[in-house]
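Undergrad: Sharing a model that was predicted from the sequence below.
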Amino acid sequence: MQLSFDAEVEEFRAEFVRFLDEHLPADAAAGERPGSTGDIPEWARAWQRVLFEHGWLVPGNPPGYGGRGAGILQQYVHREELARRGIYENFNPQGSGIIAASLLTFGTEEQKQRWAAPILRGDLTAALGMSEPGAGSDLAGLRTRAVRDGDGYVVDGQKVWTSGAHDADVLLAFVRTDPEAPKHRGISALIIPTDLPGVERRPFASVCDPGDLDFNEVFFSGVRVPAENLLGPENQGWRVANGSLGHERNLLWTSFAVRLEGLLADFHPVGPVQEDRYATLALDAQALRLLGSGALAKAAVGEDDPAEMSVLKLLGSEAVQRASEHALAAAGGGALPHPDVTARHSPFNVDESAPGWFERFVRSFAGTIAGGTSEIQRTIIAQRILGLPRG
């Protein structure tokens with residue numbers, strides 16, 4: 001199945017193309033590179049503000065918050081045109097894609113104006129505080145505590161893998177506010193400015209490079225957070241968290257489709273074994289596009305199926321990982337020099353979009369973890385699509 005679009009969607013696409021033709025900065029303007037997912041270079045902040053002001057930053061958002069109330073098909077062609085030009089959607093992806101979206105869904109009007117709008121404009125950057133040591137992707141296992149004290153909360157605990165935290169202005173942190181409640185209850189969401197006393201951020205390198213500082217440990221030691229920074233009702237953080245991940249997963253599969261198509265362009269097979277693997281890559285890319293088109297068609301008529309998104313996420317992330325491994329093996333010793341580039345540089349994209357083959361392979365593991373691990377996706381598929389009993 002391949003999507004076709006009606007005149008209204010195609011006019012939306014044409015309007016966005018005209019906007020890009022008129023407003024996209026010159027390549028030379030994009031010389032400064034981001035230091036992390038919480039660090040937006042000045043040229044990218046200026047570009048983000050232009051997108052925000054014209055409603056092209058997150059088209060599905062309401063007017064006034066970087067969008068224009070666009071439907072799912074319009075959001076899809078928006079992404080399609082960005083990918084066609086090698087433009088990264090946002091250099092603070094968690095800020096605009098998860099945290100601002102959560103504020104717009106669950107926040108008060110004051111919180112939307114105070115936090116969401118500045119994050120979307122690029123005036124602030126934000127990081128997501130979910131994972132903890134010993135809990136991993138099991139949010140319900142978190143142990144960071146927030147105790148109500150007068151007109152605020154006192155927060156103690158630790159987060160880990162908090163991408164971009166050392167450069168972020170605020171954190172959306174999930175904390176336990178009722179330790180006596182069942183595991184999935186008693187969790188709340190707090191907006192925590194990173195300059196509050198008692199917040200310590202320790203960036204640490206990834207396996208890709210000692211200078212690749214995005215991951216963080218974040219420690220909270222008696223941090224006093226105003227009660228007005230509570231997002232949603234107290235002890236209803238599980239609902240906020242599910243909404244946060246829902247925003248992330250909505251069109252997540254399209255990013256894997258783009259990466260698969262990039263691998264098709266950059267992987268040059270030699271010999272029958274490599275050619276067979278390349279054929280598998282081509283089939284995976286086509287299958288993901290076709291299944292994604294079917295899901296979009298359903299969503300466009302109000303037939304959303306969250307479990308179907310798990311199929312797309314699982315297929316896309318694992319196909320990227322397999323193909324990256326095969327390209328690495330095909331390159332042999334030539335894959336080991338670092339740093340290296342395996343595709344044409346795109347100044348408006350992140351540098352991680354086309355590094356050396358070893359780095360491309362290593363980075364592919366993130367896709368099977370972020371947004372819900374492959375194990376979680378398989379559990380969702382087993383229970384909600386196949387109807388298998390809980391183990």
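TA: That came through, no problem.

Undergrad: Looks to me like residue 302 is in a strand.
TA: No. If the criterion is DSSP: H, G, I helix; E, B strand; the rest coil, then residue 302 is coil and not within a strand.

Undergrad: what about the stretch 101-250 of the chain, any weak spots by pLDDT?
TA: By pLDDT under 70, the weakly predicted segments of the stretch 101-250 of the chain are 136-137, 244-250.

Undergrad: Break down the stretch 1-150 of the chain into its helices, ranges please.
TA: Counting by DSSP state H, counting those that start in this stretch, the stretch 1-150 of the chain has helices at residues 7-23, 42-53, 72-84, 93-94, 100-106, 109-111, 117-121.

Undergrad: hmm, who's touching the fifth one?
TA: Counting contacts by Cβ atoms under 8 Å, 6 or more residues apart in numbering, the residues outside helix 100-106 that touch it are 58, 61-62, 65, 111-112, 115-116, 119-120, 126, 172, 189, 191, 231-232, 239-240, 243-244, 247. No exception for glycine: its C-beta is placed from N, CA and C like everyone else's.

Undergrad: Alpha carbons of it, in PDB - could you do that?
TA: Extracted in PDB, the C-alpha atoms of helix 100-106 (Å, rounded to 0.1, in the frame of the first residue of the first chain):
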ATOM      1  CA  ALA A 100       6.700  20.800  25.400                       C
ATOM      2  CA  ALA A 101       4.100  18.300  24.000                       C
ATOM      3  CA  SER A 102       3.500  17.000  27.500                       C
ATOM      4  CA  LEU A 103       3.100  20.600  28.800                       C
ATOM      5  CA  LEU A 104       0.600  21.400  26.100                       C
ATOM      6  CA  THR A 105      -1.400  18.200  27.000                       C
ATOM      7  CA  PHE A 106      -1.300  18.200  30.800                       C
END
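
Undergrad: buried residues in it?
TA: For helix 100-106, burial by neighbour count (16 or more other Cβ atoms under 10 Å) applies to 100, 101, 102, 103, 104, 105, 106.

Undergrad: roughly how far apart are the last one and residue 238?
TA: To tie it back to what came earlier, the one meant is residue 106. Separation of residue 106 from residue 238 (Cβ to Cβ, to the nearest Å): 12 Å.

Undergrad: can you check the fifth one too?
TA: Here residue 104 is placed at a distance of 19 Å from residue 238 (Cβ to Cβ).

Undergrad: Now render the helices of the stretch 1-150 of the chain as CSV, adding distance to residue 208.
TA: What follows is the helices of the stretch 1-150 of the chain, written out as CSV (distance: least, Cβ to Cβ, whole Å):
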stretch, distance to residue 208
helix 7-23, 31
helix 42-53, 21
helix 72-84, 23
helix 93-94, 18
helix 100-106, 28
helix 109-111, 36
helix 117-121, 27
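
Undergrad: so which of those gets nearest residue 350?
TA: Minimum separation from residue 350 across the helices of the stretch 1-150 of the chain (Cβ to Cβ) falls at helix 93-94, 9.3 Å.
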